[in-house]
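Peer 1: Sequence and predicted model, in that order:
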Amino acid sequence: MCLAIPALIKSIEDKEAKAEIGGVTRRISLWLTPEAKVGNYVLIHAGYAINILDQEEAEETLKLFEEIAALGGEEV
């Protein structure tokens, strides 16, 4: 099973970006989504942005992840 996680692009340099995922900043590749811009939410899988999401969809997905973690007794 594969999982892609929404992340917010904070900055872009060439084909790489710094993206925030749950308060943690990671470097990701934009080779598959060259049209992504700062402020976009993207789906991240294996270090690559694979799709651009609208803000509402991304925030709803992140909220669901938080609810799943809470049900499992984990602190988010």
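Peer 2: Cool, the structure landed. Numbering: from 1, shown residues only.
Peer 1: How far off centre is the lengthiest strand in the chain?
Peer 2: As assigned by DSSP state E, the longest strand anywhere in the chain is strand 5-13. Its chain's average C-alpha position is 7 Å from that of strand 5-13, according to CA atoms, centre = their mean, to the nearest Å.
Peer 1: which helices and strands sit right next to that strand?
Peer 2: The contact analysis (3 or more CB pairs under 8 Å, 6 or more residues apart in numbering; DSSP states H and E) places strand 5-13 against strand 16-21, strand 24-29, strand 41-45, strand 48-53, helix 55-71. Glycine gets a C-beta too; all of them are placed from N, C-alpha and C.
Peer 1: for it, which positions count as buried?
Peer 2: Using 16 or more other CB atoms under 10 Å as the test for burial, strand 5-13 gives 5, 6, 7, 8, 9, 12.
Peer 1: That one vs strand 48-53, what angle?
Peer 2: Angle, strand 5-13 to strand 48-53, by axes from the mean of the first three to the mean of the last three CA atoms, to 10 degrees: 110 degrees.
Peer 1: what about residue 26, distance to residue 19?
Peer 2: 6 Å (CB to CB, to the nearest Å).
Peer 1: circling back: direction included, what does the longest strand of the chain pair up with?
Peer 2: strand 16-21 (antiparallel), strand 41-45 (antiparallel) (DSSP bridges).
Peer 1: Rounded mean pLDDT for that strand, please.
Peer 2: Across strand 5-13, pLDDT averages out at 97.
Peer 1: Dump it to CSV, keeping only the CA atoms.
Peer 2: What follows is strand 5-13, C-alpha atoms only, in CSV (Å, rounded to 0.1, in the frame of the first residue of the first chain):
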residue,chain,number,x,y,z
ILE,A,5,0.9,13.1,2.1
PRO,A,6,-0.2,16.7,1.5
ALA,A,7,2.6,19.3,2.0
LEU,A,8,2.7,23.1,1.6
ILE,A,9,5.4,24.5,-0.6
LYS,A,10,7.4,27.2,1.2
SER,A,11,10.1,27.9,-1.4
ILE,A,12,11.4,26.7,-4.7
GLU,A,13,14.9,26.4,-6.2
